[in-house]
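Undergrad: Below are the sequence and a predicted model for it; my questions follow.
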Amino acid sequence: MKRPTPASQKTGCGPLIPPLSDTLRPLRQQVFERVRAAGLIARVQVAKDLGVSPASVTTITSELIEAGLIEEVAATREGETGRGRPAVALGVRAAAHHVVGLKVSDRDISAVVVDFGGTILARHHEERRPVALSPAEVVSVIETLVDRVAAKAGMTRGDLSAVGVGLPGYIDTASGQVLWSSILAERAVPLAALATARLGLPVQIDNDANLCAMAELWFGAGRGLSDFAVVTIEHGLGLGMVLNHRIYRGARGIGMELGHTKVQLDGALCRCGQRGCLEAYVADYALAREATTALNWTHRDGQSMIVLLESLYDHAKAGNQSARSIFRRAGRYLAVGLANVVNLFDPALIILAGARLRFDYLYAAETLAEMQALVLDTGRPLPAIETHAWGEMLWAQGAAALALSAVSEGLLTQPREIAATA
Ligand SMILES: [Zn+2]
């Protein structure tokens, strides 16, 4: 005899994905993102790519055009000689919104203004003294830079829709908190809220390595890859990890701290206060520490670390064995870190990035050979490894991408009508 199952036992199965989450985005957001990624695309192609009916794409694109987010562009069909009616393609309306992307690091600040289509309209760069500032001072630095770079684009703050800010340290992007950063004299600072209040604009913050990965994902070598890693080597060592075309931040927002994975029990002292971190063997300050000890160089007050490292590099190039061994040792530790990334995530590509990627010794054939020996022997070659020295604007572009996605998500995930834009 069959009895109906009581409702209390119907718990369902399969992942419980909340509506309007990363993996369940509204169709209009998917349509908009498809158009943005393609540059120019026909409606029928959008429908094909998303596996939905052309009619629903037509309805949604009409809404998006009315809201001023996308526009129709006359495009010539392939092979067409210019006769007949031109085909109509869709593109993002570049003038719909403008955002600023900005990076504050220990030694410099860089900023860009980009339009809604991702084109850079202005850039600005200045040096700063490597001192930790109060939250109010950091907000002032951000405010000044936003106004300066906006002025270069012939704009005022009122013309902007959002600001993205990258900084080193442990950043919880979702809550907008800086848990720790070398540029801040305090811990647990609600920097996004403070900057939003001062600027009168929505401000998003993120870890600088994540923004480097964001720049590669939006504008660089990672656009077509679902899984890749960006390792940044500067004053610290960072990792931005893209999994399934998205930045992976961990459940509580501060995952992927490759620089603080341990490579030596009771090893060298790290900036984080613990011992044996990868960063304590590979980052700028680690090389500088070795140089001052092994080569008996005094680290004079006022002498910048960059000058010290340049000098170390020159000595290595000229054949100084102590200088060479410092780089070789750092390269071996880097190989351990990269091999761990490969063994854990199996990325398609590892990008080594940083503003000063000129210490070739770190990326020498020896480092790759060492890495090969530490990666599981599956009979397959290592993933592709590339070095990208984009310059300081890379980070700012990643911050701009963060701001752009915040703007479009804000507009497109609203439950009712798409908010009309000015
Ligand atoms: Zn550490």
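TA: Great, that's in hand.
Undergrad: you'd agree residue 386 is up against residue 347?
TA: No: contact criterion C-beta atoms under 8 Å: residue 386 and residue 347 do not qualify, at 11.7 Å. Every residue, glycine included, has its C-beta placed from N, CA and C.
Undergrad: The two: which has the busier surroundings?
TA: Higher neighbour count among residue 386 and residue 347: residue 347, with 22 against 15, using other C-beta atoms under 10 Å.
Undergrad: Show me which positions of the longest helix belonging to the chain end up buried.
TA: In the chain, with assignment by DSSP state H, the single longest helix is helix 321-345. The neighbour-count check on helix 321-345 (16 or more other C-beta atoms under 10 Å) flags 323-324, 326-342, 345 as buried.
Undergrad: residue of the stretch 101-250 of the chain with the smallest distance to the ion?
TA: Distances between the stretch 101-250 of the chain and the ion by C-beta to the ion are smallest at residue 236, namely 8.7 Å.
Undergrad: That residue is in contact with residue 259, isn't it?
TA: Yes: using C-beta under 8 Å, residue 236 makes contact with residue 259 at a distance of 5.4 Å.
Undergrad: mean confidence score for the longest helix of the chain?
TA: Mean pLDDT, helix 321-345: 92.
Undergrad: That helix packs against which elements?
TA: Applying 3 or more C-beta pairs under 8 Å, 6 or more residues apart in numbering; DSSP states H and E, we find helix 321-345 packed against strand 228-233, strand 237-243, helix 279-282, helix 284-294, helix 305-317, strand 349-353, helix 365-374.
Undergrad: If I look at the spatially most central residue of the chain, what pLDDT would I see?
TA: Centroid-nearest residue in the chain, with C-alpha atoms, centre = their mean: residue 211, separated by 1.9 Å. We have a pLDDT of 94 for residue 211.
Undergrad: Skipping adjacent residues, who's closest to it in space?
TA: residue 398 (3.2 Å; C-beta to C-beta, 6 or more residues apart in numbering).
Undergrad: Might one say that that neighbour is in contact with residue 215?
TA: Yes: because the distance of 3.6 Å satisfies C-beta under 8 Å, residue 398 is recorded as touching residue 215.
Undergrad: the strands in the stretch 1-150 of the chain, which residues?
TA: Per DSSP state E, counting those that start in this stretch, the stretch 1-150 of the chain carries strands over the ranges 70-75, 87-92, 98-104, 108-115, 120-127.
Undergrad: which one of those strands is the most hemmed in?
TA: When the strands of the stretch 1-150 of the chain are scored by mean count of other C-beta atoms under 10 Å, the highest mean neighbour count falls to strand 98-104 (a mean of 29).
Undergrad: what packs against that strand?
TA: Checking 3+ C-beta pairs under 8 Å, 6+ apart, strand 98-104 ends up next to strand 108-115, helix 135-152, strand 162-167, helix 208-219, helix 393-412.
Undergrad: Is it possible to get CSV of these that adds distance to the ion?
TA: Shown next, in CSV, are those (distance: least, C-beta to the ion, whole Å):
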stretch, distance to the ion
strand 108-115, 23
helix 135-152, 22
strand 162-167, 17
helix 208-219, 14
helix 393-412, 21
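Undergrad: Any idea which of these gets closest to residue 15?
TA: helix 393-412 (21.5 Å; C-beta to C-beta).
Undergrad: what's the angle between that closest one and strand 120-127?
TA: If you take axes from the mean of the first three to the mean of the last three C-alpha atoms, to 10 degrees, helix 393-412 sits at 130 degrees to strand 120-127.
Undergrad: let's have the chain start at 50 instead
TA: All right, first residue 50 from here; so that's helix 442-461.
Undergrad: Break the protein down into its domains, please.
TA: Domain assignment of the chain by the TED database yields the ranges 76-141, 148-262+444-462, 271-440.
Undergrad: most tightly surrounded among the ones you listed?
TA: Buried most deeply of the domains of the chain, by mean count of other C-beta under 10 Å, is domain 148-262+444-462, with a mean of 20.
Undergrad: what residues are up against the closest residue to residue 239 other than its chain neighbours?
TA: The shortest distance from residue 239 to any non-neighbouring residue, by C-beta to C-beta, 6+ apart, is to residue 226 (5.6 Å). By C-beta atoms under 8 Å, 6 or more residues apart in numbering, the contact set of residue 226 is 220, 237, 238, 239, 240, 241.
Undergrad: 7 Å - rerun?
TA: Contacts for residue 226 (C-beta atoms under 7 Å, 6 or more residues apart in numbering) come out as 237, 238, 239.
Undergrad: Quickly list what it is bridged to.
TA: Residue 226 has these beta-bridge partners by DSSP bridges: residue 221.
Undergrad: next one: residue 286
TA: With DSSP bridges as the rule, residue 286 is bridged to residue 282.
Undergrad: ditto for residue 401
TA: In beta-bridge terms (that is, DSSP bridges), residue 401 pairs with residue 280, residue 436.
Undergrad: Same list (the contacts of residue 226) but as CSV, adding secondary structure and pLDDT.
TA: Converted to CSV, the contacts of residue 226 look like this (DSSP: H, G, I helix; E, B strand; the rest coil; pLDDT from 0 to 100):
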residue, secondary structure, pLDDT
237, coil, 95
238, strand, 97
239, coil, 98
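Undergrad: So which of those is the closest to residue 66?
TA: Nearest member of the contacts of residue 226 to residue 66, counting by C-beta to C-beta, is residue 239, at 28.9 Å.
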